[in-house]
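Asker: What follows is a predicted structure for the sequence shown.
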Amino acid sequence: MHDARSTRHGLEHRAFTIRPALFHELPLIAKLLTKAFWNDALFGDIIHPYRREFPEDNELYWLRRARVNWWDWSLIYLVSVVTDKGGEEVITGVALWARIGDEARRTNMKLGSRDPRRLLKPLTQAKTNAEARTWPNRAASAEHEDIIERSYHYLDDMWTGKRAESWYLESLAVDPNFHKQGQGRALVRWGFEQAEKEGVCVSVISGDGKEDFYKRCGFEVQDGWSGMGEGNPLAIAPGGLMFWKDVKIDEVASKND
Ligand SMILES: CC(C)(COP(=O)(O)OP(=O)(O)OC[C@H]1O[C@@H](n2cnc3c(N)ncnc32)[C@H](O)[C@@H]1OP(=O)(O)O)[C@@H](O)C(=O)NCCC(=O)NCCS
């Protein structure tokens, strides 16, 4: 439990808790991501230029992604929650952390290579694709809806060498009504702690204007950009600087001994 009632900003802060999300919370998470990224240059204007006409489709974009991600055993959704006056939990923040690297593939978060649960992601993806063909996302630009997926492979080389093993922060959002209360930092800290235990690095691609937030959270090195590489479609998006908390070389050496 993080109790941050008195801070140096002098604001009345709410106590909150960080915990793994539950499957039935995915629609609430999608709602929160829609709200938090409404004015974001990439998820707002570039991917969802018609979101004002079709706000529920914007939410569906996040929900469809979350349902597929849920069955990816190298990803974990965390939420920050506060308790309302009636004693009910309210989700106020969310982080999606991914474990990148051979180690993750080898152990696949403890699933054996023939574990049938590995099929759940491709099956959900196929179902989601079929659903999207029947009910397209009307809030999205037909040209840019899959811009992120089309740019993935341009960045593959970034997670190599000493950075091959990493906890990568895929998404992070805090309800605007709860900004500047330490929730974002706490959701980021979870990945740093995990990475430290495993002796691996931490990585993130920063949204436009969020660079200082990530530096304050402990990312030390800026290297790379989401739009890098000839023909990368994400070159049109502002922001996208990559930040790292690298593992020190002697730590990597002692881990490999
Ligand atoms: C970015 C975001 C997650 C920050 O969450 P938050 O809960 O308000 O952040 P915190 O209160 O934990 O802030 C930690 C520190 O960063 C600072 N900070 C927060 N937002 C900042 C910003 N946009 N720019 C610079 N510093 C920022 C805080 O003042 C605090 O500083 P301190 O070291 O003086 O205490 C939140 O603004 C958000 O959800 N934005 C919309 C979605 C988004 O852009 N997500 C990131 C995409 S990569």
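Answerer: That came in fine, so what should we check first? Numbers count the residues shown, from 1 in each chain.
Asker: any idea how far the residue in the chain that the ligand sits nearest to lies from Tyr77?
Answerer: In the chain, the residue that lies nearest the ligand is Gly184 (2.5 Å; C-beta to the nearest ligand atom). All C-beta spots, glycine's among them, are computed from the backbone N, C-alpha and C. Distance, Gly184 to Tyr77, using C-beta to C-beta, to the nearest Å: 15 Å.
Asker: State the number of residues packed around Val82.
Answerer: By other C-beta atoms under 10 Å, 19 other residues sit near Val82.
Asker: just checking, the residue of the chain closest to the ligand touches Val94?
Answerer: No - counting by C-beta atoms under 8 Å, Val94 is not a contact partner of Gly184; they are 10.4 Å apart.
Asker: who has more neighbours, the two?
Answerer: Comparing Gly184 with Val94 by other C-beta under 10 Å, the one with more neighbours is Val94, at 27 against 22.
Asker: sec struct for the spatially most central residue of the chain, please.
Answerer: With distances taken as C-alpha atoms, centre = their mean, Ser171 lies nearest the centre of the chain, 1.8 Å away. Under DSSP: H, G, I helix; E, B strand; the rest coil, the three-state class of Ser171 is strand.
Asker: For it, give me its contacts.
Answerer: The neighbours of Ser171, taking C-beta atoms under 8 Å, 6 or more residues apart in numbering as the test, are Leu33, Val94, Ala95, Leu96.
Asker: ok, so what distance separates the first one from Arg65?
Answerer: When you say that, I think you mean Leu33. 9 Å.
Asker: circling back to that earlier point, setting the sequence-adjacent residues aside, check what's closest to the residue of the chain closest to the ligand.
Answerer: Nearest non-adjacent residue to Gly184, counting by C-beta to C-beta, 6 or more residues apart in numbering: Val174, 5.0 Å away.
Asker: do the same with Ile147
Answerer: Once flanking residues are discounted, Ile147 sits nearest to Pro233: 5.0 Å by C-beta to C-beta, 6+ apart.
Asker: OK, contacts around that neighbour?
Answerer: By C-beta under 8 Å, 6+ apart, the contact list for Pro233 reads His144, Ile147, Arg150, Ser151.
Asker: mind redoing it with 6 Å?
Answerer: Ile147, Arg150, Ser151 (C-beta atoms under 6 Å, 6 or more residues apart in numbering).
Asker: give me phi/psi at the residue nearest to Gly184?
Answerer: Main-chain dihedrals, Val174, degrees, to the nearest 10: phi -120, psi 140.
Asker: Give me the residue ranges of the stretch 101-250 of the chain where confidence is low.
Answerer: Scanning the stretch 101-250 of the chain for pLDDT under 70 picks out 105-109, 249-250.
Asker: Around the ligand, pick out the residues from it.
Answerer: The stretch 101-250 of the chain comes close to the ligand at residues 172-174, 179-185, 206-207, 209-210, 212-213, 216, as judged by C-beta under 6 Å from any ligand atom.
Asker: Are any of those residues buried, and if so which?
Answerer: Leu172, Ala173, Val174, Gln181, Gly182, Gln183, Gly184, Arg185, Ser206, Gly207, Lys210, Phe213 (16 or more other C-beta atoms under 10 Å).
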